[in-house]
Structure formats: structure tokens, C-alpha cells
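>>> return atomic coordinates for the entry below.
(2 chains)
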Amino acid sequence: TQLLEQSPQFLSIQEGENLTVYCNSSSVFSSLQWYRQEPGEGPVLLVTVVTGGEVKKLKRLTFQFGDARKDSSLHITAAQTGDTGLYLCAGAEGSNYKLTFGKGTLLTVNP
Amino acid sequence: NAGVTQTPKFQVLKTGQSMTLQCAQDMNHNSMYWYRQDPGMGLRLIYYSASEGTTDKGEVPNGYNVSRLNKREFSLRLESAAPSQTSVYFCATLLGFGSPLHFGNGTRLTVT
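Below is the predicted model:
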């Protein structure tokens, strides 16, 4: 079973600051997804990365997939209070439908 | 469209009681999943069904059973609830490999 390690577990910053969260594994993924979850709701997809070295941007969010497809990062520029939430990465090995999640990074952006 | 609907939203059980969590989707997705979420533990996969007629164990299947009743419905059963099963349970669906998971809003279960 693949293990996804996310860091940091908790992050509290001021509005306007930049931050990076990480998702690491010893396994190779065929695809990796990032989700954001707000209290009382299910996670919602932010992005899917499939190619080693791939970089995707979603407004102020930048996602990178490692060259070896074992790790990924999420960078947020000029964080806003609306970015507060739990950020989760999820990976799939091969064509397996078994999607495994990391433990998440709980981000709090203070005004 | 409702998307993924979970019932009930909240449930309190006594140790040893049984119950079934229901999940229904109207998105015509092939795969369905049950996860549990505990503080500091992220989402852990209990069971999944890659397609109608198949089910497979995830990371934490002990104490649970599932039924893929048809393409729309995937239920999770606790035969004899234990306090360790206190959690938030999420059902999710997937159209196909590489597409995003779509989650319901969860069932909050407390076992006393």
C-alpha cells in the first residue's frame, strides 16, 4: 500500500504571505490529485497532474509533479482568508482504481 | 442534479448495534468509494467498487461490509458497531481513471 506523507500538518499564516505544502511518497504514481476541504463538506478537486515535471497553475495556486512522479507540491502566492481549509493529496498507482489520500495540511490564513 | 447523496447525515449508535449507511449517485459514474475521516488521519479507504458487480477492500475494511446494489447505489454496513468506528464517513464516485472523485457531504457517526 502506497503511503502519502503531507507536510506540514498545520500551517497558520497572515494574509498576503506565500506558502508551500508538500506531498511525498516512495511509490510512483500514475496520477496525483489535490483536493481542498472546508468544514462540514466533502473534498473538492483542485487539480490532477499526470506527467512527471508537470506544472499547473490555478490563479494564485501552482501545482508541481516531481520528475519521478513520487512527489508533488502546492504553492499559494499572496494567500487570502478564503484559502483557509484542509488540503489533501491523493494518488493512484498504475491503472488501479484504489485512490489513497495523505493526512492533509490544515491551512489557516489570518486577516 | 443532486450528485452524491448520503443518508443519514448524523447517527448515534450504541456499541453492538448495526446500521447501514446509504450512498446514491445520479452522475452515471462507474466507480464508488467509502472513506472514513478521523482527526489527524486524513481520508482512509474502507472499500471501493471499481464497477457495478465488483467490490474490493481498501486500507481499513475490518468491521465493515459493502454492497454495490446497482450502478447508482453503494451501501456500507456496520454489523456490530464499536466506539473505534466513530468517524465521519464519506462516499465518493469516479467516472473513470484519472477523473476526479466527487464526494457526498458525509455521515457523522458516533458510537457510544
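>>> ok, which stretches of chain B are strands?
Taking DSSP state E, the strands of chain B run over residues B:4-7, B:10-13, B:19-25, B:31-38, B:42-49, B:56-57, B:64-68, B:74-78, B:87-94, B:101-103, B:107-111.
>>> so for chain A, which of the ones you listed sits nearest?
Within those, the stretch nearest chain A is strand B:101-103; the backing value is 2.7 Å (Cβ to the nearest Cβ). Using the backbone N, CA and C atoms, a C-beta is placed for each residue, glycine as well.
>>> picking up where we left off before, is it possible to get a markdown table of the strands of chain B that adds mean pLDDT?
As requested, these are exported to a markdown table (pLDDT from 0 to 100):
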| stretch | mean pLDDT |
| --- | --- |
| strand B:4-7 | 96 |
| strand B:10-13 | 97 |
| strand B:19-25 | 97 |
| strand B:31-38 | 95 |
| strand B:42-49 | 92 |
| strand B:56-57 | 92 |
| strand B:64-68 | 97 |
| strand B:74-78 | 98 |
| strand B:87-94 | 96 |
| strand B:101-103 | 93 |
| strand B:107-111 | 97 |
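>>> now tabulate those strands in a markdown table and tack on distance to chain A.
What follows is these, written out as a markdown table (distance: least, Cβ to the nearest Cβ, whole Å):
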| stretch | distance to chain A |
| --- | --- |
| strand B:4-7 | 8 |
| strand B:10-13 | 11 |
| strand B:19-25 | 11 |
| strand B:31-38 | 5 |
| strand B:42-49 | 4 |
| strand B:56-57 | 7 |
| strand B:64-68 | 13 |
| strand B:74-78 | 13 |
| strand B:87-94 | 5 |
| strand B:101-103 | 3 |
| strand B:107-111 | 9 |
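>>> okay then, goodbye and thanks.
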